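Novice: Sequence and computational prediction follow.
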Amino acid sequence: MNYGKYVLLILLFVYTRYAYAQPSGKPNFTNIYNYFSDQSNYKKQVPSEIYTQLGIDIFKIDGDIWPVQILFAVKKENKQDIVILLKRDGESAGSFAELPKKDLFLFILNKELMIAKNAFQIETIDEPIQISFTHDCFLEISTKFQEREIDRENFEIKKGLYYTKYEDFALFENKIKSFSDYSKNDLRMIRNHIFARYGYIFKSKDLNDYFSKYSWYKPMNKNVDKFLTDRDKRIMNKISLLEK
């Protein structure tokens, strides 16, 4: 009996099983990009082999995996980069006085590389979560809440009026961060991005030089107030407060 042959076959079988079981050291961004570009995937749970390549851990409670779902995916104007927002279902319970929180994951990538990423939590009790992406720069996440008055003695929650809470992110210089995480100089550029989108003729040389790098910037208006939407004004007001 040729024992060497059988040993070789066994080793080959073990190596094959091991090789297929190990995740590749480098994410396959082409597969990831194609998956999130396919709108038919939006109502499905994201396969673990996709989201783990993005660095999202598999999270279990009592043996049940908390699924990851697509909240939002849109290609930028260059048609090459895609902005992805994922939500992990299940809620991180806080204290009695705290609202439950959900884990959100934000990415910008293309078929070759990860450009930027961020992970954060939002308080949520009344879904759905609303998402808007404007000017190829601003990602706004909003959720409606109901006012809560905590009666700690009787462990009761009295509910009141509804209000909307916003989480704002900006895509700037290959970064994707909350407004409050940018420097004041960066915030100035980000705020003026809105004016640039409407073709405002900047008087400041540095602003004119910066936005002239972009093919979409067409300086043609001395005043763009009539073009500003309520969302534009809210974003600019929020940034202006952080610039002070």
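Specialist: Now that the structure is in, tell me what you want to look at.
Novice: Tell me where the model's unsure across this structure.
Specialist: 1-25, 90-99, 124-127, 146-163 (pLDDT under 70).
Novice: all helices for it, in order.
Specialist: Applying DSSP state H to the chain gives helices spanning 3-21, 29-37, 48-51, 184-197, 205-211, 230-243.
Novice: mind putting those helices in CSV, distance to D168 and mean neighbour count included?
Specialist: C-beta here means a position set from N, CA and C on the backbone, and glycine is covered the same way. Supplementary listing: those in CSV, determined by distance: least, CB to CB, whole Å; neighbours: other CB atoms under 10 Å:
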stretch, distance to D168, mean neighbour count
helix 3-21, 42, 9
helix 29-37, 22, 17
helix 48-51, 24, 17
helix 184-197, 10, 19
helix 205-211, 21, 14
helix 230-243, 6, 15
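Novice: for the residue nearest the centre of the chain, which residues make a bridge with it?
Specialist: Against the mean C-alpha coordinate of the chain, by CA atoms, centre = their mean, the closest residue is L106 at 2.3 Å. With DSSP bridges as the criterion, L106 is bridged to L85, N118.
Novice: my guess is it meets A170, correct?
Specialist: No. Counting by CB atoms under 8 Å, L106 does not reach A170; the two are 11.3 Å apart.
Novice: Quick check: neighbours shared by the two?
Specialist: L139, I176 (CB atoms under 8 Å, 6 or more residues apart in numbering).
Novice: which residues does the closest residue in space to Y35 that isn't next to it in sequence contact?
Specialist: Excluding the flanking residues, the one nearest Y35 by CB to CB, 6 or more residues apart in numbering is I50, at 5.5 Å. Residues in contact with I50 (CB under 8 Å, 6+ apart) are N31, I32, Y35.
Novice: Tell me the one among those residues nearest to K238.
Specialist: Nearest to K238, judged by CB to CB, of these is I32 at 31.7 Å.
Novice: I'd guessed the closest one sits against N110; true?
Specialist: No. Between I32 and N110 there is no contact under CB under 8 Å: 9.8 Å.
Novice: thinking again about what came up before, the helices of the chain into a markdown table, with extra columns for distance to I115?
Specialist: Shown next, in a markdown table, are the helices of the chain (distance: least, CB to CB, whole Å):
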| stretch | distance to I115 |
| --- | --- |
| helix 3-21 | 30 |
| helix 29-37 | 10 |
| helix 48-51 | 17 |
| helix 184-197 | 17 |
| helix 205-211 | 19 |
| helix 230-243 | 22 |
